[in-house]
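*Asks:* Give me coordinates for this.
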Amino acid sequence: MDFDDTPDQARLRAEVRQFLADHDSELAHGDGAYLEEPGTDRVDALRRTQAILFDAGLIGLTWPEAYGGGGGTNAQQAVVNEELHRARIAGPIGHVGLGMCGPTILGHGSEDQKQRYIRRLLRADDLWCQLFSEPGSGSDLAAVRTKAVRHGDGWHVRGQKVWTTLAQHSRYGILLARTNPDAPKHRGLTMFVIDMTSPGVTVRPLRQMNGHQSFNEVFLDDVVIDDSERLGDVDDGWRVALTTLMNERMAVGGGGGELGIRSDALVAHAARRLPQLSDDRRTLAVEALGRVLVESLAARYTGYRLQTSLEKGGRPGPEASAGKLTAVRIAHATADLGLRLLGEDAVLARSREGDWRWATSQASTPGIALAGGTDEILRNILGERVLGLPPDSARVPARTTPPSENR
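*Replies:* Down below sits the predicted model:
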């Protein structure tokens, strides 16, 4: 990758920077992901921000123009993302739709579904969620037990989903359900679009140890879904789900982004706190800060390498799993160091302006670690697909069963 802007990229960067400066007061800001409670007021502010950015051509830049996207390149989107990061613009509230649901609809949806859903998804007119995990099937995603039974031109769905991010604010979701209980577990699944306002859908937020309620459990009590809302063929939902999972890992860890508090915020925090430490503690803190910054830089440039591959026509692969593992480790190390720098003041972190972020981020990292696959599952993927190690025997019960792309 050439890190110098081409003339066109330099012109785009200048235009984006000027636009963000002109509209700064209208946009929501943030120093990192997973820090603020997604309450109604904050969600509304983030939706307005995403709509403003979409109307300016800064959201969905690489998506097809026929559905509201910009038809641009990954390199252009990288320029936009860098300027959004520089201006401290909060990440899009529709990140589940942009990162997982939208690419799945583009890859497997009908023309009617693309026309109805994609533009509104990009603009955050409709928020989306992903209904995959269940109480008995998280890492082993193919073991889902939520059932969809055909009735005439539709399907009746019964079951429960859990850890569904932002379900309480979502209008639509993509749902993986079992449609053939007699088939091998990977071959009896079907993917649907579900209207979260349908009768029989109950959403109950789950309070996490960071105090937030961004995760939810969703109960489906004889919910009716028309067959026109199916994504892909009947009993072919596993193939559709792989599209979602690959894009999820790319969205969570494939771009070299920061999942917790930004590294520059950590540097500013350290500059304020280091003079208050003893010489020995200051030396240890500087060493820890250096490790975090070096790893952050390595993750960013690895993300650029993956973006270059996509620019040349590649597809998201196991590299995103490595990126996600690294991103979670960096998020944890950043929050841990930030909290340690507070010293005894850490006990007051939740009540002191600005300091609350470190405790909140530290308490959020276990949840972040689950998104896009647990560490153990991602290491299995890297071992099998990158290192060529034999598959985990517990996940391959018979030779006729396709390899498990577990969550």
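*Asks:* check contacts around the closest residue to Arg282 other than its chain neighbours.
*Replies:* Nearest residue to Arg282 in three dimensions, chain neighbours excluded: Leu274, at 5.4 Å (C-beta to C-beta, 6 or more residues apart in numbering). To be clear about C-beta, it is placed using only N, CA and C from the backbone, and glycine gets the same treatment. Shown in contact with Leu274 (C-beta atoms under 8 Å, 6 or more residues apart in numbering): Arg282, Ala285, Val286, Leu341.
*Asks:* So which elements touch the longest strand along the chain?
*Replies:* Counting by DSSP state E, the longest strand found in the chain is strand 215-226. Counting contacts by 3 or more C-beta pairs under 8 Å, 6 or more residues apart in numbering; DSSP states H and E, strand 215-226 is packed against strand 154-162, strand 189-195, strand 201-206.
*Asks:* Tell me which of those strands lies nearest to Asp233.
*Replies:* Among those, the nearest to Asp233 by C-beta to C-beta is strand 189-195 (7.8 Å).
*Asks:* Paired strands for that closest one, with orientation please.
*Replies:* strand 172-178 (antiparallel), strand 230-231 (antiparallel) (DSSP bridges).
*Asks:* Show residues contacting it.
*Replies:* Strand 189-195 is contacted by residues 104-105, 108-109, 113, 117, 131, 142, 144, 148, 155, 157, 171-179, 201, 223, 225, 229-238, 240-241, 244 when judged by C-beta under 8 Å, 6+ apart.
*Asks:* returning to that earlier point: nearest to Ser278, out of the helices and strands packed on strand 215-226?
*Replies:* Taking those one by one with C-beta to C-beta, strand 201-206 is closest: 41.7 Å.
*Asks:* buried stuff in that closest one?
*Replies:* For strand 201-206, burial by neighbour count (16 or more other C-beta atoms under 10 Å) applies to Val201, Val203, Pro205.
*Asks:* got it, and stretch 209-220?
*Replies:* Applying 16+ other C-beta under 10 Å to stretch 209-220 flags Asn210, His212, Gln213, Ser214, Phe215, Asn216, Glu217, Val218, Leu220 as buried.
*Asks:* before we move on, the earlier item: with distance to His186 and mean neighbour count as new columns, can the strands paired with strand 189-195 be given to me in CSV?
*Replies:* Listed next are the strands paired with strand 189-195 as CSV, based on distance: least, C-beta to C-beta, whole Å; neighbours: other C-beta atoms under 10 Å:
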stretch, distance to His186, mean neighbour count
strand 172-178, 11, 26
strand 230-231, 16, 24
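*Asks:* Turn the ones you listed into JSON lines, including mean pLDDT and distance to Leu98.
*Replies:* Converted to JSON lines, the strands paired with strand 189-195 look like this (pLDDT from 0 to 100; distance: least, C-beta to C-beta, whole Å):
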{"stretch": "strand 172-178", "mean pLDDT": "98", "distance to Leu98": "13"}
{"stretch": "strand 230-231", "mean pLDDT": "98", "distance to Leu98": "17"}
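*Asks:* Of all the ones you listed, which one comes closest to Gly303?
*Replies:* If we rank those by C-beta to C-beta, the stretch that ends up nearest is strand 172-178, at 25.2 Å.
*Asks:* residues making contact with that closest one?
*Replies:* Counting by C-beta under 8 Å, 6+ apart, 100-101, 104-105, 117, 126-132, 141, 144-148, 155, 157, 159, 161, 164, 167, 188-196, 220, 225, 231, 237, 241, 244 sit against strand 172-178.
*Asks:* Now do the helices in the stretch 51-200 of the chain.
*Replies:* Along the stretch 51-200 of the chain, the segments classed as helices by DSSP state H, counting those that start in this stretch run 74-86, 95-96, 102-108, 111-122.
*Asks:* How about residues contacting the longest one?
*Replies:* Meaning helix 74-86. 5, 9, 12-13, 16-17, 20, 53, 58, 61-62, 70, 255, 257, 262, 304, 307, 310-311.
*Asks:* The residues you listed, buried ones only, as a ChimeraX selection?
*Replies:* Restricted to buried positions by 16+ other C-beta under 10 Å, the ChimeraX selection for the contacts of helix 74-86 reads:
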select :9,12,13,16,20,53,58,61,62,70,255,257,262,304,307,310,311
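*Asks:* So Asp355 is in contact with Leu342, correct?
*Replies:* Yes - with contacts counted by C-beta atoms under 8 Å, Asp355 reaches Leu342, the gap being 6.0 Å.
*Asks:* Nearest to Gly94 among the buried residues of strand 201-206?
*Replies:* Taking C-beta to C-beta as the measure, Gly94 lies nearest Val203 of those, at 17.4 Å.
*Asks:* Give me the distance between that closest one and Glu248.
*Replies:* Shown here: Val203 relative to Glu248, a distance of 20 Å by C-beta to C-beta, to the nearest Å.
*Asks:* from the middle of its chain, how far away would stretch 121-136 be?
*Replies:* 11 Å (C-alpha atoms, centre = their mean, to the nearest Å).
*Asks:* For that stretch, buried residues please.
*Replies:* 121-124, 126-134.
*Asks:* what's the closest of the residues you listed to Asp44?
*Replies:* Ala124 (10.1 Å).
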